[in-house]
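In: Need the 3D shape of this:
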Amino acid sequence: MSRQMLSGVGDTAEAAPAMKRAEVPGAPSGGPPPGATRSKPRHTPGPPHQSTPRPGRRIGPVARVNLLAAAGIVVAVLLNLVAGRHPIAIDDLLAALAGERVPGVSFMLWEDRLPQAAVGVLAGAAFGASGAIFQRMLRNPLASPDVIGVGYGASAAAVAGMLFFGAQGIGLSLIACAGALAVALLIYAIADAGKHTGARLILAGIAVAAMLQGIISYLLTRTDIRMASDALRWLTGSLSASTWDRAGLLGAALAILLPLLVPAAAKLRILELGDDTAAGLGLGVRSTRLGLILLGVGLCAVATAVTGPLAFVAFLAGPLALRLCNGRSHLGSAAGIGALLVVSATFIATNILPDIQLPVGVVTGALGAPFLIWVLVRSNKEGT
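Out: Have a look, this model is predicted:
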């Protein structure tokens with residue numbers, strides 16, 4: 001046998017173990033021969049493992065707006081409690097909150113400022129959520145309850161109940177709800193001729209609101225001056241008559257209505273795709289729209305029955321929440337911003353003039369009127 005053949009056989013014999021070692025998963029090439037003691041490979045520390053951040057770990061715009069609104073409400077409530085025309089020392093405040101009897105402070109805190117703060121937060125949340133429902137459903141920032149006549153329906157019914165039947169408390173709330181519901185259904189029936197459009201409903205609401213304003217003025221001229229004065233004060237919108245009973249009544253109503261905002265937001269997202277698309281997805285468009293109207297009317301009516309029509313709170317809260325949430329679903333955020341608006345307006349109304357405590361509705365109206373003008377000018381420029 002030639003030297004080249006022997007050399008080839010040797011090469012093949014030496015390559016076979018290497019091939020077998022290479023076939024073993026995880027075996028390093030060129031390792032020690034079989035039988036040799038293998039040393040454990042040293043683990044070389046590498047760079048720390050950086051996991052890809054999940055989108056859910058970051059706070060979204062809606063959650064951020066909700067947190068900021070909650071913090072703002074706490075700050076505004078504290079300002080109403082300790083600062084202003086009749087300030088309360090922090091020590092006295094903590095002692096009164098702990099249940100101690102502090103002369104002068106305990107009564108002012110538990111019978112005036114805390115009930116006022118509770119009613120302000122609850123009513124503001126109700127107005128804000130109600131306005132956002134109508135504005136999103138009709139896809140128009142002008143479609144708030146106090147613009148399209150729903151608030152005037154509650155006001156007219158409540159004034160009639162106060163003047164003719166002496167209604168108060170739960171009775172007044174039920175009358176206000178009935179009046180707001182009747183007006184909302186009337187506006188819906190007028191606007192629902194043919195294709196349902198938001199512009200037609202808004203125009204019908206403005207016309208009905210003008211009629212209801214005339215009815216309210218007539219009722220005030222046909223009653224006793226003292227009762228007319230009380231009704232007129234209520235029509236301005238005020239928290240001065242806030243009590244724990246009214247706060248409890250409003251809280252019980254909102255405990256039923258506010259959880260319905262979760263399914264309402266889901267329905268609104270489908271409706272925003274258009275009536276035809278929503279119907280194609282299996283949504284009953286007419287019944288859903290009617291249910292949303294009833295929810296918005298209920299929120300507006302229960303708040304109006306307790307505080308009176310606080311002007312422009314429902315109108316302001318929805319667009320502000322929509323802008324801050326970057327166009328996301330914002331019904332809960334609108335409720336928080338509405339509460340913040342009312343509590344902040346309460347502090348301004350109490351302390352802006354040295355010797356006069358303004359009704360809260362005066363301040364909210366003064367804040368909302370320029371915003372309404374801006375919306376109208378912007379809509380005119382855009383041709384909408």
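In: any idea which helix or strand carries residue 87?
Out: Assigned by DSSP states H and E, residue 87 falls within no helix or strand.
In: What of residue 226?
Out: Short version, using DSSP H and E: residue 226 is in helix 225-236.
In: Return the set of buried residues in the next helix or strand after that helix.
Out: Next along the chain after helix 225-236, taking DSSP H and E as the criterion, comes helix 244-257. The neighbour-count check on helix 244-257 (16 or more other C-beta atoms under 10 Å) flags 246-247, 249-250, 253-254, 257 as buried. C-betas here are computed from N, CA, C, even on glycine.
In: repeat for stretch 134-144
Out: 134-138, 140-144.
In: now, which of those residues lie within helices?
Out: 134-138 (DSSP state H).
In: Mind exporting the C-alpha coordinates of the helix holding residue 226 to CSV?
Out: The C-alpha coordinates for helix 225-236 follow below in CSV (Å, rounded to 0.1, in the frame of the first residue of the first chain):
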residue,chain,number,x,y,z
ILE,A,225,-91.9,87.9,45.0
ARG,A,226,-90.3,85.8,47.7
MET,A,227,-90.8,82.5,46.0
ALA,A,228,-89.6,84.1,42.7
SER,A,229,-86.5,85.3,44.4
ASP,A,230,-85.7,81.8,45.7
ALA,A,231,-86.4,80.3,42.2
LEU,A,232,-84.2,82.9,40.5
ARG,A,233,-81.3,82.2,42.9
TRP,A,234,-81.7,78.5,42.1
LEU,A,235,-81.7,79.3,38.4
THR,A,236,-78.4,81.1,38.7
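In: Format the buried residues of stretch 134-144 as CSV; extra columns: distance to residue 176.
Out: Putting the buried residues of stretch 134-144 into CSV (distance: C-beta to C-beta, whole Å) gives the following:
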residue, distance to residue 176
134, 17
135, 21
136, 24
137, 21
138, 22
140, 25
141, 25
142, 23
143, 20
144, 17
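In: Just list the residues touching the nearest residue to residue 137 once chain neighbours are set aside, thanks.
Out: Leaving aside its chain neighbours, residue 137 sits nearest to residue 292 (5.3 Å; criterion: C-beta to C-beta, 6 or more residues apart in numbering). Listed by C-beta atoms under 8 Å, 6 or more residues apart in numbering, the contact partners of residue 292 are 133, 137, 264, 267-268, 271.
In: let's see 10 Å
Out: With contacts defined as C-beta atoms under 10 Å, 6 or more residues apart in numbering, residue 292 is in contact with 133-134, 136-138, 260, 264, 267-268, 271.
In: Also residue 268?
Out: Per C-beta under 10 Å, 6+ apart, neighbours of residue 268: 132-133, 136-137, 139, 261, 288-289, 292, 329, 331.
In: and the gap between it and residue 283?
Out: 11 Å (C-beta to C-beta, to the nearest Å).
In: Return every residue with contacts to both of the two.
Out: Common neighbours of residue 268 and residue 283 (C-beta under 10 Å, 6+ apart) are residue 289.
In: so how many other residues sit close to residue 91?
Out: 10 (other C-beta atoms under 10 Å).
In: how close does it get to residue 105?
Out: Distance from residue 91 to residue 105, by C-beta to C-beta: 10 Å.
In: Then residue 210?
Out: 47 Å.
In: Centre of the chain to stretch 215-233, how far?
Out: Centroid separation between stretch 215-233 and its chain, computed with C-alpha atoms, centre = their mean, to the nearest Å, is 34 Å.
In: So what touches stretch 275-286?
Out: 188, 192, 195-196, 266-267, 269-274, 288-291.
In: returning to that earlier point: would you reformat the ones in helices among the buried residues of stretch 134-144 as JSON lines and include distance to residue 376 and pLDDT?
Out: Converted to JSON lines, those look like this (distance: C-beta to C-beta, whole Å; pLDDT from 0 to 100):
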{"residue": "134", "distance to residue 376": "17", "pLDDT": "91"}
{"residue": "135", "distance to residue 376": "15", "pLDDT": "89"}
{"residue": "136", "distance to residue 376": "19", "pLDDT": "88"}
{"residue": "137", "distance to residue 376": "20", "pLDDT": "87"}
{"residue": "138", "distance to residue 376": "16", "pLDDT": "84"}
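In: Closest one to residue 312 out of those residues, please.
Out: When those are ranked by distance to residue 312 (C-beta to C-beta), residue 135 comes first, at 12.8 Å.
In: ok, the closest one touching residue 320?
Out: No - the criterion here is C-beta atoms under 10 Å, and residue 135 misses it with residue 320 at 11.1 Å.
In: Name the residues contacting each of the two.
Out: With C-beta under 10 Å, 6+ apart, residue 135 and residue 320 have common neighbours 330, 334.
In: any chance of the ones in helices among the buried residues of stretch 134-144 in a markdown table, with distance to residue 349 too?
Out: Shown next, in a markdown table, are those (distance: C-beta to C-beta, whole Å):
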| residue | distance to residue 349 |
| --- | --- |
| 134 | 26 |
| 135 | 25 |
| 136 | 29 |
| 137 | 31 |
| 138 | 31 |
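In: Of those, just say which sits nearest to residue 84.
Out: Looking across these and measuring by C-beta to C-beta, the closest to residue 84 is residue 135, at 32.9 Å.
In: And for that closest one, nearest residue in space, chain neighbours not counted?
Out: residue 318 (4.4 Å).
In: From the buried residues of helix 244-257, pick the one nearest residue 364.
Out: residue 250 (17.3 Å).
In: Report the separation between residue 253 and residue 173.
Out: For residue 253 relative to residue 173 (C-beta to C-beta), the value is 7 Å.
In: Might you report the residue contacts of residue 120?
Out: Counting by C-beta under 10 Å, 6+ apart, residue 120 has contacts 73, 76-77, 80, 239, 242, 247, 307, 310, 339-347, 360.
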